[in-house]
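J.: Got a predicted structure here, sequence first:
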Protein chains: 2
Amino acid sequence: MLRGDITVAIRNAVMSELAEVGYGRLSIEAVARRAGVGKTAIYRRWSNKLEMVMEIISDVAERKVPLPDTGSFAGDLELLLLIVKTALQHRMASQIIPDLMAEAARNPQIAETLQRALRTHQQAVGEKLIGQAVTRGELPEGTDPDVAVDMILGPLYWRLAVARQPIEDDYLEKFTVAVTAALRATG
Amino acid sequence: MLRGDITVAIRNAVMSELAEVGYGRLSIEAVARRAGVGKTAIYRRWSNKLEMVMEIISDVAERKVPLPDTGSFAGDLELLLLIVKTALQHRMASQIIPDLMAEAARNPQIAETLQRALRTHQQAVGEKLIGQAVTRGELPEGTDPDVAVDMILGPLYWRLAVARQPIEDDYLEKFTVAVTAALRATG
DNA sequence: AAACGGCGGAACGCAACCGTTACGTCGTAG
DNA sequence: CTACGACGTAACGGTTGCGTTCCGCCGTTT
């Protein structure tokens, strides 16, 4: 019964508002204004701000990222880094993700939603990437995917989302070499 | 003329409010309530919320962290990781820092203040740590302090402030080994 | 042709907060 | 002892947002 195009407009408006003012200052009225719909259309779909944002975010967060097998660990790693780099450089992601992360520190429901999405991705990516490399003999047997993910995503997230410094052309390349060495050492 | 004890009460209240509700939802009235002072006492000191928070945050952020020379890169690194770990596990830091980082993505003035504090620390720590190690011959000549800082702080920040997973006993130790290997490889 | 239901718009009462002002208290400096 | 000034309290008018309700419009279903 609910009109689909209206729902889409609201979802887009929520994402934009999240990016612009953050969860803390996001208001239903502003979302309605931006989406060009009445408040009633929103309250017909969700009962409050938290529920609305959670439903929309979960939906976006659960889209799977396919990680193809390039045939070598260095190739896989560089591809992964490139994907993450591109994602983190999108305005939406670079504003919304840190904002929700911060909000998660005080709202358990947000925390749980994000953790689930994050951990699912981490595990999937980590286990596939490391598993493939171990199978190929490029990494030692006991390599911990958990630690590996920290070593891979941490620096990139730090640089792009925290320090907000640009990434030069050869950075990913050097970084790939460094991470490979690091993981070989921990095995 | 302004009473010092009142100023201190306000500063503490601001930090607590920042941790609890974040910058976006921080209100002058709530700060006054929490500090047990009148709004007038606040407006007598700062002219608005941004100015107040910036002044207080800058003050906290600029406290230097002394990094002693333990004699070896492994020792220096493990000590640094321990300091950062402890800092990031404090409730105040783990809530306020990500929150302000997120806010920085939309407020240039906050961004500038944080970047200055962050970059100053990064440079100081990075250059000292890496410089010492290079001098001792533990790291190759051309090691980039900038990249090194990413490799060191990134994973820790990721794990503690983003993924919010616990750090086990031997994590820092394994991590030290991994980072050392990584930095030797990039030289 | 009629009934249904989602739609936008407008307004509701309520609450919070803004930044400012007026007032009376109290400690201190002169 | 007096004057000053920082203090808390209280109130101001104005803004914003909440969640709800009622209205009239209009496309779809029957």
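T.: It's in.
J.: how about the helices in chain A?
T.: For chain A, the helices defined by DSSP state H cover A:4-25, A:28-35, A:39-43, A:49-61, A:73-89, A:91-104, A:108-136, A:145-157, A:171-186.
J.: Mind giving me the packing neighbours of the first one?
T.: Packed against helix A:4-25 by the contact rule (3 or more CB pairs under 8 Å, 6 or more residues apart in numbering or on different chains; DSSP states H and E) you find helix A:28-35, helix A:39-43, helix A:49-61, helix A:91-104, helix B:4-25. Any C-beta I mention is one placed from the backbone N, CA and C, and that applies to glycine too.
J.: next one: the fourth one
T.: If contacts are counted by 3+ CB pairs under 8 Å, 6+ apart, helix A:49-61 sits against helix A:4-25, helix A:28-35, helix A:108-136.
J.: try 6 Å
T.: For helix A:49-61, the contact count by 3 or more CB pairs under 6 Å, 6 or more residues apart in numbering or on different chains; DSSP states H and E identifies helix A:108-136 as packing neighbours.
J.: what's the angle between the helix it packs on and helix A:73-89?
T.: 160 degrees (axes from the mean of the first three to the mean of the last three CA atoms, to 10 degrees).
J.: re earlier: export the helices and strands packed on helix A:4-25 to CSV and tack on distance to DNA strand C?
T.: Below are these laid out as CSV (distance: least, CB to the nearest atom of the strand, whole Å):
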stretch, distance to DNA strand C
helix A:28-35, 7
helix A:39-43, 3
helix A:49-61, 14
helix A:91-104, 17
helix B:4-25, 7
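J.: So which of those helices is the most surrounded?
T.: Scoring the helices and strands packed on helix A:4-25 by mean neighbour count under mean count of other CB atoms under 10 Å in any protein chain shown gives helix A:91-104 as the most buried, with a mean of 21.
J.: want to try CSV for the helices and strands packed on helix A:4-25, with mean pLDDT as columns?
T.: Listed next are the helices and strands packed on helix A:4-25 as CSV, based on pLDDT from 0 to 100:
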stretch, mean pLDDT
helix A:28-35, 98
helix A:39-43, 97
helix A:49-61, 93
helix A:91-104, 92
helix B:4-25, 96
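J.: can I get those in CSV with distance to A:T135?
T.: Below are the helices and strands packed on helix A:4-25 laid out as CSV (distance: least, CB to CB, whole Å):
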stretch, distance to A:T135
helix A:28-35, 48
helix A:39-43, 49
helix A:49-61, 29
helix A:91-104, 31
helix B:4-25, 45
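J.: Okay, domains of chain A per the record?
T.: Following automatic domain parsing, chain A resolves into domains at A:4-49, A:64-186.
J.: and of the ones you listed, who's closest to B:G38?
T.: domain A:4-49 (25.4 Å; CB to CB).
J.: Name the residues of chain A found near DNA strand D, please.
T.: Within chain A, the positions near DNA strand D by CB under 7 Å from any atom of the strand are A:L26, A:S27, A:I28, A:E29, A:A30, A:K39, A:T40, A:Y43, A:S47, A:N48, A:K49.
J.: okay, now A:G142: neighbour count?
T.: Residues within reach of A:G142, counting by other CB atoms under 10 Å in any protein chain shown, total 8.
J.: Ok, A:T176 next?
T.: For A:T176, the count of nearby residues is 20 (other CB under 10 Å).
J.: list the contacts for the nearest residue to A:V177 once chain neighbours are set aside?
T.: Spatial nearest neighbour of A:V177, chain neighbours left out: B:A185 (5.3 Å); criterion: CB to CB, 6 or more residues apart in numbering or on different chains. Taking CB atoms under 6 Å, 6 or more residues apart in numbering or on different chains as the criterion, B:A185 is in contact with A:V177, A:A178, A:A181.
J.: which of those are buried?
T.: A:A178, A:A181 (16 or more other CB atoms under 10 Å in any protein chain shown).
J.: Any chance of a markdown table for the contacts of B:A185, columns distance to A:I130 and pLDDT?
T.: A markdown table is the format used below for the contacts of B:A185 (distance: CB to CB, whole Å; pLDDT from 0 to 100):
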| residue | distance to A:I130 | pLDDT |
| --- | --- | --- |
| A:V177 | 17 | 92 |
| A:A178 | 16 | 93 |
| A:A181 | 15 | 93 |
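J.: of the contacts of B:A185, closest to A:N12?
T.: A:A178 (39.1 Å).
J.: Okay, the nearest residue to that closest one once chain neighbours are set aside and B:Q132: tell me how far apart.
T.: Leaving out its chain neighbours, the residue that sits closest to A:A178 by CB to CB, 6+ apart is B:A182, at 3.9 Å. To B:Q132, B:A182 is 18 Å away according to CB to CB, to the nearest Å.
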